[in-house]
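>>> Here is my input; please provide its structure:
(one chain, ligands or ions: 2)
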Amino acid sequence: MELLSECKASEIFEGQVVVYKHLYAYLDSMCLKWCLDLNMPDIIHNHGQPITLHHLASTLQVPPSKIDGVRRFMRHLAHNGFFHITRLLHDDNEEKEAYALTIASKLLVKGTQHSLAPMSKCVLDPTLSGTYHFLGKWTLEENLSLSEISLGTNLWDFFSKNPSYLSFFNESMASDSQMVKLALKDHSAVFEGLESIVDVGGGNGTVSKIINDMFPKLNCIVFDLPHVVENFTGSNNLSFVGGDMFLSIPHAHAILLKWILHDWDDEHCVKILKKCKDAILNDVKGGKVIIIDTVINENHEEHELTQLKLRMDIMMTHVNGKERSQEELKKLFLKAGFQNYKISPLTGIYSLIEVYP
Ligand SMILES: C[S@@+](CC[C@H](N)C(=O)[O-])C[C@H]1O[C@@H](n2cnc3c(N)ncnc32)[C@H](O)[C@@H]1O
Ligand SMILES: O=c1cc(-c2ccc(O)cc2)oc2c(O)c(O)ccc12
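Numbers count the residues shown, from 1 in each chain. Ligands and ions are numbered 1, 2, ... in the order given. Next comes the predicted model:
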């Protein structure tokens, strides 16, 4: 039987485009990796003005046979918003194409405050990204996370056994957290009046340092697994404490969970939230859990934003986590014994949620 006998040829070709777009989508990621491996954003930034293909190729010492390859990669990246192609008048009075940074590629320049280069390097790392070849196996294996299937151990144990990956991951999380700094500026009221806060799963303390800079009198405790925090030292109002959030969380006025709940399945989330509830000092008014996480809002946001969040949802299989809708989060809050919550959009991918006991 011909499955498509009822369809017009044009519809079949549209279907082919859908399939091929998905099939080749990983090449977008590979081009991004190419661009970072060759330091393109830094080279253009250091050049101080749009750079011609010839100049780019000579800076990189690209052999003549590959210069056209560079042009094609740059064309692809420009088409996807990473570079502007402008025209420069050369000494010989001839106009030449030149590449300029866009906001997206400025975010990939290394060593700047808002650099997402560490995040990109981590996500594109062959060992970590290679785990996604096992999604089929993940589906058929009861309970196991993708990391357990492909790396042989859960992600947090993998990091404890591979310290270079741990700092790689921490730096990538820290680079994302600098973006949160931009967003929190307009939401500083959530921290007002608090005397202490525990940043659960706070990694190298980037978010806590941001909050501490905004509120120097606020006592911030970065709480993470012992091997994660063992080499960090705090300062006046910022300290690092090692422990396990499933056992006990230090007491404070507020508990912060940034990018924690989406790392876990519902059962673990309820356990974490119950421990948070126990940790909120009950002799204070205004005690709460502050959550910074991704919330899927399919019917009320741009298609592209939902698409990104749904991709992240697939990514979370590496720890058996997931991205949730407001309704799914509400169920977790109520199950953990919380009474009330308030969700505000923060940035593109983040929402800010205050949960009250
Ligand atoms: C996705 S990272 C988020 C880091 C940080 N909150 C941020 O957004 O930049 C999750 C963090 O949870 C920590 N973590 C995992 N299991 C934990 C546990 N049982 N107790 C405390 N922290 C844990 C990890 O070590 C890691 O730093
Ligand atoms: O951006 C990431 C990337 C990871 C990641 C992907 C694949 C692996 O094999 C390991 C790590 O994990 C993340 C994560 O757990 C999170 O909460 C936020 C972002 C990312």
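
>>> Can you tell me the closest non-neighbouring residue to the residue in the stretch 1-150 of the chain positioned nearest to ligand 2?
In the stretch 1-150 of the chain, the residue that lies nearest ligand 2 is residue 128 (3.5 Å; Cβ to the nearest ligand atom). The way it works is simple: take the backbone N, C-alpha and C, and place the C-beta from them, glycine included. Excluding its sequence neighbours, the residue lying closest to residue 128 (Cβ to Cβ, 6 or more residues apart in numbering) is residue 122, at 6.6 Å.

>>> quick one, what contacts that neighbour?
Residues counted as contacts of residue 122 (Cβ atoms under 8 Å, 6 or more residues apart in numbering) are 128, 168-169, 171-172.

>>> Please see if the helix or strand harbouring it touches ligand 1.
When elements are defined using DSSP states H and E, residue 122 is found to belong to helix 117-123. No - contact between helix 117-123 and ligand 1 is absent, the nearest approach being 9.9 Å (criterion: Cβ under 6 Å from any ligand atom).

>>> how many other residues sit next to residue 260?
Residue 260 has 23 neighbouring residues, counting by other Cβ atoms under 10 Å.

>>> Point out the residues in the stretch 251-357 of the chain that sit beside ligand 1.
258-260, 263.

>>> So which of these reach ligand 2?
Among these, the residues within reach of ligand 2 (Cβ under 6 Å from any ligand atom) are 259, 263.

>>> will you turn the residues of the stretch 251-357 of the chain next to ligand 1 into JSON lines that also has secondary structure and distance to residue 347?
Shown next, in JSON lines, are these (DSSP: H, G, I helix; E, B strand; the rest coil; distance: Cβ to Cβ, whole Å):
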{"residue": "258", "secondary structure": "strand", "distance to residue 347": "12"}
{"residue": "259", "secondary structure": "coil", "distance to residue 347": "13"}
{"residue": "260", "secondary structure": "coil", "distance to residue 347": "17"}
{"residue": "263", "secondary structure": "helix", "distance to residue 347": "19"}
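
>>> Can you tell me which of the residues of the stretch 251-357 of the chain next to ligand 1 is nearest residue 100?
Looking at these and their distance to residue 100, the nearest is residue 259, at 32.5 Å (Cβ to Cβ).

>>> Could you measure from that closest one over to residue 102?
In this view, residue 259 and residue 102 are 26 Å apart by Cβ to Cβ, to the nearest Å.

>>> I'd like to know how many residues surround the closest residue to ligand 2 within the stretch 151-300 of the chain.
Nearest residue of the stretch 151-300 of the chain to ligand 2 (Cβ to the nearest ligand atom) works out as residue 259 at 4.2 Å. Other residues near residue 259 come to 19 when the count uses other Cβ under 10 Å.

>>> How confident is the prediction for it, by pLDDT?
Note on residue 259: pLDDT of 95.

>>> now the strands for the stretch 1-150 of the chain?
Counting by DSSP state E, counting those that start in this stretch, residue ranges of the strands within the stretch 1-150 of the chain are 51-52, 83-89, 95-101.

>>> of all of the protein, which residue lies closest to ligand 1?
residue 201 (2.8 Å).

>>> one step back: ok, so of the residues of the stretch 251-357 of the chain next to ligand 1, who is nearest residue 270?
Using Cβ to Cβ, residue 260 comes nearest to residue 270 of those, at 13.0 Å.

>>> wait, the closest one sits on residue 275?
No - judged on Cβ atoms under 8 Å, residue 260 makes no contact with residue 275 at a distance of 11.3 Å.

>>> Now do the shared contacts for these two.
Taking Cβ under 8 Å, 6+ apart as the contact criterion, the residues that touch both residue 260 and residue 275 are residue 245.

>>> mind checking the SS state of the most centrally placed residue in the chain?
Most central residue of the chain, judged by C-alpha distance to the mean C-alpha position with Cα atoms, centre = their mean, is residue 176 at 5.7 Å. Classification of residue 176 into helix, strand or coil gives helix, according to DSSP: H, G, I helix; E, B strand; the rest coil.

>>> so what's it scoring on pLDDT?
Reported pLDDT at residue 176 in the predicted model: 89.

>>> looking at it, residue 125 is touching residue 172, isn't it?
No - taking Cβ under 8 Å as the definition, residue 125 is not a contact partner of residue 172, at 9.1 Å.

>>> Between the two, which has more neighbouring residues?
Neighbour comparison, residue 125 and residue 172: the larger count goes to residue 172, with 21 against 16 (by other Cβ under 10 Å).

>>> And the pLDDT for the nearest residue to that one once chain neighbours are set aside?
Of all residues beyond its chain neighbours, the one nearest residue 172 is residue 122 (3.5 Å), with distances taken as Cβ to Cβ, 6+ apart. What the model reports as pLDDT for residue 122 is 94.

>>> next one: the one 4 residues further on
According to the prediction, residue 126 has pLDDT 95.

>>> what's the answer for residue 1, then?
Here the pLDDT value assigned to residue 1 is 67.
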